[in-house]
Structure formats: structure tokens, C-alpha cells
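Peer 1: Sequence first, then the predicted structure:
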Amino acid sequence: MGEKKKKILMAKLGLDGHDFGVKILCQMFRNAGFEVIYTGQRQSPEQVIAAAIDEDVNVIGISTLSGAHMHTIPRTVEILKKYNLNIPIIAGGTIPPEDVQKLKEIGVAEIFPTGADVNGAIEFIKKLPD
């Protein structure tokens, strides 16, 4: 039997309606051997966590372009902690450098800002514990 694929849930939170990039990322993650679930646009943090639990994912990936990341991502982390869940969150997209450390301090595993090489994200996910 083959090795179990890591499962990634990809999400667009809030009113962020731009999803061309996240769809490309989903395909690239699939091509790298991951199982990928995309929740679609305009999801709430509560919906994303519920889907992550239902799908039993290894990683939550949040793509953000709307500028609401300092509200939606901390809320998502807060819900994970509330339910005592240990699912790493990675985030990418339009995240200013001054927000990267703040997000890591609240528990985001890694940030991949606009222009980051997707291979870095792939390698990061591969190294996460199952």
C-alpha cells in the first residue's frame, strides 16, 4: 500500500472573491501529491473549521487578497484553539511584511506572501507531522 496523502483544505475567508490564484495553488498542490479540498469563496472562519474537521485535514491553507487577514485569520486560529484542535494553518496572498510576524505569533505556522515560490509551500507542508 502507498503512503497516505496529506490532506489540505484551501479557503477564501470573508468577502474575498478573488479565487483564480487559489485554484492554481490547489492544482499545484494536487500535482505535488496532496489531496486538496477547496471550500470556495466567501467562507467564514467557522465554516472553514467545520469543513476541516469533517474532512479530517492535515493543514488549512488560507488565501487572502482582501486586506481582512488581520481579522479573519486570527478568528480562525481562535476557533481552532477553542476546540483544542492542532491543525496547522498556512496563509498566503496579499499580506504586508509588518503583519507576517503578528500572524506567526498568534499561531499561524507559515506565511507565503504574494510572489512566494509555491515549491517553498509544498516543501513546508511535506515536512509537517502527520
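Peer 2: Nice, thanks for sending it over.

Peer 1: for the nearest residue in space to A32 that is not next to it in sequence, what are its contacts?
Peer 2: Among residues not flanking A32 along the chain, I122 sits closest, at 4.6 Å (Cβ to Cβ, 6 or more residues apart in numbering). C-betas here are computed from N, CA, C, even on glycine. I122 makes contact with M28, F29, A32 under the criterion Cβ atoms under 8 Å, 6 or more residues apart in numbering.

Peer 1: burial measure for the last one, as a count.
Peer 2: Applying other Cβ atoms under 10 Å, we find 18 other residues in the vicinity of A32.

Peer 1: What's the per-residue pLDDT of it here?
Peer 2: Here, the pLDDT recorded for A32 equals 96.

Peer 1: mind checking how far it is from K126?
Peer 2: Counting by Cβ to Cβ, to the nearest Å, the separation of A32 from K126 is 8 Å.

Peer 1: How about the first one?
Peer 2: Here the criterion is Cβ to Cβ. By it, M28 lies 13 Å from K126.

Peer 1: With the second one instead?
Peer 2: Distance of F29 to K126, given as Cβ to Cβ: 11 Å.

Peer 1: Please identify which of those two sits among more neighbours.
Peer 2: Legend: neighbour count by other Cβ under 10 Å for F29 and K126, higher for F29 (22 against 11).
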